[in-house]
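requesting a structural model of the entry that follows:
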Amino acid sequence: MKRILLLALSFSAFANTAHLPLDLTFEESLKLYKDFKRNKAQSSLIKNSTEFNVLGNTFEAYDDDMRLVINSGSRLSQWLRKINTQPSTSAQPVRLTSQGTQRGIPVERPSKYSPKIVSERFATLKERMPKEVFDILYGTKPIPSTLPSGVTKEEFIQMARYASGLYQTATRWNMMQPYMRGLIARSARDIRGYLFLKKLDQAKTIIANIDSYNEEQQATLLRALVDICHNATNNKAGCTEAINKPSNRAHLAQAYDIYMPRAEMVYKSFFEISNPRTDIEWVPAGPNVMRVVFKNIQDPEIAKWLKENVEDEFKLDKENFSLELNYIPGNSGTAFLEFKPGVTPHVSGGNKIVMDSNTDIQEYGVRWTIRHEFGHILRLPDCYTEFYDTKEQVMVNYQLDTTDLMCSRAGLMNERIYQELKKHYQK
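Numbers count the residues shown, from 1 in each chain. Predicted coordinates:
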């Protein structure tokens, strides 16, 4: 047990990592990857081969398939654009995404990807996709303005969704490479072990009697203990050695007591507000209204769009709760909105929402994004994670609650968010 206790209960600062939403649309991925390629030659981080190629030639065997898949993105985009400009489809264009197609990535079924996985899925696609469609997307056959012969619109959409998903996976892998060191370190925020033990009735008793369980059950318990130790220490190798050391077997329940509270802190950090705003008014007496100020927006259409989206999202009928957004001249500490071409939407410095000026503000994805980003203005954190698993040699990501606005595009304002806002702002 001594080796377990000697593991430092502290966190190292994670290296810079990309802020890239998990559930991007095909169009967003196309734009982001175009920007990535354009900036690649200019970025010292990306040009530094020791940083960019942390994994060496681990996945070199899959380079050809990766290139084909990535090249298909622009061809699929052109094909969709040509189809949708035809009079026969302009009224009902071919769309790959909508609010109804947002599914989320639950903890129980995380997304895992790598060039090897892309290659395997590409092989499946080759077997199932009609040759005519394959030759257009992955070959040099001219891109038509019509659907493939003998293929219905619904069938084409299904094929295009699979192809676009594969493209998004391949480009996401490439865009994450400059941040690989940070993504490896970020595996310390993988809270699946904590969630498994949290749901386990009498977990400490079970761990204390681990030898009475079968081999598979023991392995599952040990993995979960390694995970919570990793959450607490950011030392996966040390945790693996200590937890699996035979001489520590009798002290695993003590390890559970030590590391579980720290793992819980990591879990809560995905949901809890830190550094709350000081310019929000929400008094207990009277109407249950949270009043938030925002710097004046000169364009009346944009001002109306922001107010309508924010107030429509941040309300809860069961609590008779609503948010009221009020525009003021403001100062350096007032939240404000800025549009820039080609950016990934984000909040900078806690006050500035940055949105992409090249997007249609009425698109579902853009409307969801401004609501999510406004959550960050209220200091709500993202409740999703992504990291590189060095053992499985895959990137892993998941959303802690697919019904939550701050976790997933399938999510909305909910009771959890309301209670967190109330705890910090109602006074």
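
where do the strands sit along this protein?
Here the chain has its strands, by DSSP state E, at 111-113, 280-281, 289-295, 315-316, 321-328, 336-340, 346-348, 352-356, 384-389, 394-399.

can you redo the ones you listed as TSV with mean neighbour count?
All C-beta atoms are positioned from the backbone trio N, CA, C, and that covers glycine. Listed next are the strands of the chain as TSV, based on neighbours: other C-beta atoms under 10 Å:
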stretch	mean neighbour count
strand 111-113	17
strand 280-281	16
strand 289-295	18
strand 315-316	18
strand 321-328	16
strand 336-340	14
strand 346-348	15
strand 352-356	18
strand 384-389	22
strand 394-399	22
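
so which of these is nearest residue 228?
strand 384-389 (15.2 Å; C-beta to C-beta).

ok and that closest one relative to strand 394-399, angle-wise?
Going by axes from the mean of the first three to the mean of the last three C-alpha atoms, to 10 degrees, strand 384-389 is angled at 170 degrees with respect to strand 394-399.

reformat the strands of the chain as JSON lines; add mean pLDDT and distance to residue 368.
Putting the strands of the chain into JSON lines (pLDDT from 0 to 100; distance: least, C-beta to C-beta, whole Å) gives the following:
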{"stretch": "strand 111-113", "mean pLDDT": "96", "distance to residue 368": "19"}
{"stretch": "strand 280-281", "mean pLDDT": "96", "distance to residue 368": "23"}
{"stretch": "strand 289-295", "mean pLDDT": "98", "distance to residue 368": "19"}
{"stretch": "strand 315-316", "mean pLDDT": "97", "distance to residue 368": "16"}
{"stretch": "strand 321-328", "mean pLDDT": "98", "distance to residue 368": "16"}
{"stretch": "strand 336-340", "mean pLDDT": "96", "distance to residue 368": "16"}
{"stretch": "strand 346-348", "mean pLDDT": "93", "distance to residue 368": "14"}
{"stretch": "strand 352-356", "mean pLDDT": "94", "distance to residue 368": "12"}
{"stretch": "strand 384-389", "mean pLDDT": "96", "distance to residue 368": "14"}
{"stretch": "strand 394-399", "mean pLDDT": "97", "distance to residue 368": "14"}
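
which of the ones you listed sits closest to residue 23?
Here strand 394-399 is closest among the strands of the chain (C-beta to C-beta), at 8.1 Å.

and the residue lying closest to residue 322 once chain neighbours are set aside, what does it touch?
Counting by C-beta to C-beta, 6 or more residues apart in numbering, the nearest residue to residue 322 once its immediate chain neighbours are dropped is residue 315, at 4.5 Å. Residue 315 sits next to 321, 322, 323, 413 when contact means C-beta atoms under 8 Å, 6 or more residues apart in numbering.

and residue 274, by the same measure?
379, 381.

for it, give its distance to residue 350.
10 Å (C-beta to C-beta, to the nearest Å).

and for the two, which residues touch both?
Residues touching both residue 274 and residue 350 (C-beta under 8 Å, 6+ apart) are residue 379.

any stretches of the protein with poor pLDDT?
Of all residues in the chain, those with pLDDT under 70 make up the ranges 1-19, 40-57, 90, 98-102.

go again using 50 as the cut-off
1-15, 46-47, 49 (pLDDT under 50).

give me the domain ranges for it.
26-183, 192-269, 280-425 (automatic domain parsing).

reformat those domains as TSV; add distance to residue 20.
Below are the domains of the chain laid out as TSV (distance: least, C-beta to C-beta, whole Å):
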stretch	distance to residue 20
domain 26-183	7
domain 192-269	19
domain 280-425	7
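
residue contacts, the nearest residue to residue 33 once chain neighbours are set aside?
Distances taken as C-beta to C-beta, 6+ apart place residue 171 nearest to residue 33, at 4.1 Å, with adjacent residues excluded. Neighbouring residues of residue 171 by C-beta under 8 Å, 6+ apart: 29, 32, 33, 36, 70, 73.
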